[in-house]
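Chemist: the sequence isn't on hand, but the structure is:
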């Protein structure tokens, strides 16, 4: 087994040197060409000290994928940034991650204007360009690009750090190690029968953890990663057909959009073998629409928070829709946990139950947040016959502890069905959003005294107390601080927020006001 994600790619590059590894932005690179491009970019980054974190800011171009591999090649940790995020947010993530440098497309360098982190510039095709400021001059002890020089084993070193929405209004960093990811990749390659000649989609942004599945399941199997541009996602069937895809993986809302635009006709994907979905609840209606379009494809619903390394459960729908399950919320079950993990469903008293909070542990469970303050309360000490004790310290949680997903599930005949969140965290178009972060951004407007954000299952709705402010101004204010998917679709001014008997915000009554 490989020791790192880069080793995994390198092994395939040696075995399948002349096979296509990547199709992006009209360019096809073989495994040999992608490996050479990654090596050039790794050298461009200069000597990298042990434990360094390097940002990657690129669009859906060869640079994004060769750059990801290049950072791993140096032994550093990849911290993806997003070209669709406001400059202010990318700068905040760069600061919180303590980036040594940012490898970026020369055309996107202005998106780092609010950051003092040095930039290593390249072109979209992966060709290195000049530095704005040398990565090697950023300070610290240097090491060669042959691999990590850290004292800890490679599999314990962070492979990447992703930032999710934080309830305090501050992005929350999650480091995932090579040891977390490699067993997951190996299992998925076997489960989805990925092999040379297969062509897998790459629909997820690099800041969204299913992208790790896309890249490394593809490359571990010697297959080809095919990258749609953002506009292609409105017509997934046309893209999949034109690019001869064998595996499709996306958020379920892509199906809804395509069906609404009448771009998912029956039988339009006769050769697709797999249809995989994750990031938000997959409804039976969405699954049926995909089945009509790709009648030979196996459909699976995948589930998992970033803290558990991409996905930790899966449910395979029967080939005949007549055999599909009926669930209380008309969603496809999230199914069974992966065999190398453990799970338990606990009720409010910490006792095993058929319905309650899903808790998971095992090799894919991360070791704690970048900011230890976020660890408290997220892990649970529980064993059969013993009560559950919440791990309230900020220390790195021991491996025996369970990660509390915050997701409410029901388990029937060994099959898990997702019922919703236990807190105010929601999924908007596949992205995990803490309502508190949106409220914090809106509340920072000088004319807003207080803010509350609700989710109606499709869109975010914002209510605020304060001066009357034009909707366009409020939307622009939030858009300048948060990604587009976190900008509410509606803003409503109210005189005051309703409170319950405990003096807390009464969200039930607030929902009535928002109607």
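Modeler: Structure's in. What do you need? Computed from a prediction, not measured in an experiment: that's the story for all the values here.
Chemist: how close does residue 310 sit to residue 428?
Modeler: Remark: distance between residue 310 and residue 428 (C-beta to C-beta, to the nearest Å) = 19 Å. Placement of C-beta: from N, CA and C, glycine included.
Chemist: neighbour-wise, which of these two wins?
Modeler: residue 310 (26 against 22; other C-beta atoms under 10 Å).
Chemist: surely the more buried one meets residue 185?
Modeler: No - counting by C-beta atoms under 8 Å, residue 310 stays clear of residue 185, with 9.0 Å between them.
Chemist: let me see the ranges of the helices in this structure.
Modeler: In the chain, the segments counted as helices under DSSP state H are 5-15, 31-44, 62-73, 87-97, 178-191, 210-220, 236-242, 253-260, 284-293, 435-443, 471-479, 507-514.
Chemist: so which of those helices is the most packed in?
Modeler: For the helices of the chain, the largest average neighbour count (mean count of other C-beta atoms under 10 Å) is found in helix 62-73, namely a mean of 28.
Chemist: now find how far off-centre it is within its chain.
Modeler: 18 Å (C-alpha atoms, centre = their mean, to the nearest Å).
Chemist: what's it packed up against?
Modeler: helix 5-15, strand 20-24, strand 27-30, helix 31-44, strand 53-57, strand 77-81, strand 101-105 (3 or more C-beta pairs under 8 Å, 6 or more residues apart in numbering; DSSP states H and E).
Chemist: for residue 349, find the nearest of the ones you listed.
Modeler: Among the helices and strands packed on helix 62-73, the nearest to residue 349 by C-beta to C-beta is strand 77-81 (39.4 Å).
Chemist: please point out which parts of that closest one sit buried.
Modeler: 77, 78, 79, 80, 81 (16 or more other C-beta atoms under 10 Å).
Chemist: picking that back up, where do the contact lists of residue 310 and residue 185 overlap?
Modeler: Counting by C-beta atoms under 8 Å, 6 or more residues apart in numbering, the shared contacts of residue 310 and residue 185 are residue 213.
Chemist: and which of the buried residues of strand 77-81 is nearest residue 5?
Modeler: For those, the nearest to residue 5 is residue 78 (9.0 Å; C-beta to C-beta).
Chemist: for stretch 494-511, what is the average pLDDT?
Modeler: If you average the pLDDT over stretch 494-511, you get 73.
Chemist: contacting residues around residue 493?
Modeler: Contacts of residue 493 (C-beta under 8 Å, 6+ apart): 463, 464, 465, 466, 468, 469.
Chemist: tell me what the second one is bridged to.
Modeler: Spelled out, that is residue 464. Listed beta-bridge partners, residue 464: residue 451, residue 493 (assigned using DSSP bridges).
Chemist: give the PyMOL command for selecting the buried subset of the contacts of residue 493.
Modeler: Restricted to buried positions by 16+ other C-beta under 10 Å, the PyMOL selection for those reads:
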select buried, resi 463+464+466+469
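Chemist: right, and residue 165 touches residue 437 too?
Modeler: Yes - checked against C-beta under 8 Å, the pair residue 165 and residue 437 is within contact range at 4.7 Å.
Chemist: what residues are shared contacts of those two?
Modeler: Common neighbours of residue 165 and residue 437 (C-beta under 8 Å, 6+ apart) are 171, 486.
Chemist: break the chain into its domains for me.
Modeler: Domain assignment of the chain by automatic domain parsing yields the ranges 30-176, 185-337, 341-423, 426-514.
Chemist: looking at these, which is nearest to residue 20?
Modeler: Using C-beta to C-beta, the domains of the chain put domain 185-337 closest to residue 20, at 4.5 Å.
Chemist: quick one: average pLDDT of that closest one?
Modeler: Rounded mean pLDDT across domain 185-337 is 95.
Chemist: please tabulate the domains of the chain in JSON lines, including the columns distance to residue 15.
Modeler: Converted to JSON lines, the domains of the chain look like this (distance: least, C-beta to C-beta, whole Å):
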{"stretch": "domain 30-176", "distance to residue 15": "8"}
{"stretch": "domain 185-337", "distance to residue 15": "6"}
{"stretch": "domain 341-423", "distance to residue 15": "25"}
{"stretch": "domain 426-514", "distance to residue 15": "33"}
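Chemist: residue 21 is nearest to which of the ones you listed?
Modeler: domain 30-176 (4.3 Å).
Chemist: end to end, how far does the closest one reach?
Modeler: In domain 30-176, first residue to last residue: 28 Å (C-alpha to C-alpha, to the nearest Å).
Chemist: please apply the same query to stretch 248-255.
Modeler: Stretch 248-255: ends 11 Å apart by C-alpha to C-alpha.
Chemist: and stretch 94-111, by the same measure?
Modeler: 12 Å.
Chemist: in it, what's buried?
Modeler: Buried-residue list, stretch 94-111, by 16+ other C-beta under 10 Å: 94, 96-97, 99-106, 108, 111.
Chemist: on that earlier part again, residue 300: which of the buried residues of strand 77-81 is nearest?
Modeler: Among the buried residues of strand 77-81, and counting by C-beta to C-beta, the member closest to residue 300 is residue 80, at 25.0 Å.
Chemist: what number of residues lie near residue 394?
Modeler: Residue 394, neighbours per other C-beta under 10 Å, totals 14.
Chemist: hmm, back to that, same list (the helices and strands packed on helix 62-73) but as CSV, adding mean pLDDT and distance to residue 193.
Modeler: Output for these, formatted as CSV (pLDDT from 0 to 100; distance: least, C-beta to C-beta, whole Å):
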stretch, mean pLDDT, distance to residue 193
helix 5-15, 98, 16
strand 20-24, 98, 18
strand 27-30, 98, 22
helix 31-44, 98, 20
strand 53-57, 98, 30
strand 77-81, 98, 28
strand 101-105, 97, 34
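Chemist: which of these sits closest to residue 124?
Modeler: So among these, strand 101-105 is nearest, using C-beta to C-beta, at 5.4 Å.
Chemist: circling back to that earlier point, what is the nearest of the buried residues of stretch 94-111 to residue 7?
Modeler: Closest to residue 7, out of all of these and judged by C-beta to C-beta, is residue 103, at 20.3 Å.
Chemist: list the contacts for residue 87?
Modeler: Counted by C-beta under 8 Å, 6+ apart, residue 87 has contacts 110, 111, 112, 113, 114, 115.
Chemist: one more: residue 22?
Modeler: Contacts of residue 22 by C-beta under 8 Å, 6+ apart are 28, 29, 34, 62, 65, 224, 225, 227.
Chemist: and residue 355, by the same measure?
Modeler: Residue 355 neighbours (C-beta under 8 Å, 6+ apart): 345, 347, 408, 409, 410, 411, 419.
Chemist: wouldn't the fourth one be in contact with residue 353 here?
Modeler: When you say that, I think you mean residue 409. No - with contacts counted by C-beta under 8 Å, residue 409 stays clear of residue 353, the gap being 10.1 Å.
Chemist: which one of the two has more residues nearby?
Modeler: residue 409 (23 against 15).
Chemist: partners of that one in the sheet?
Modeler: As assigned using DSSP bridges, the partners bridged with residue 409 are residue 356, residue 418.
Chemist: and the residue nearest to residue 496 when sequence neighbours are not counted, how far from residue 436?
Modeler: Using C-beta to C-beta, 6 or more residues apart in numbering and skipping the chain neighbours, the partner closest in space to residue 496 is residue 465 (6.0 Å). Note on residue 465: its distance to residue 436, by C-beta to C-beta, is 16 Å.
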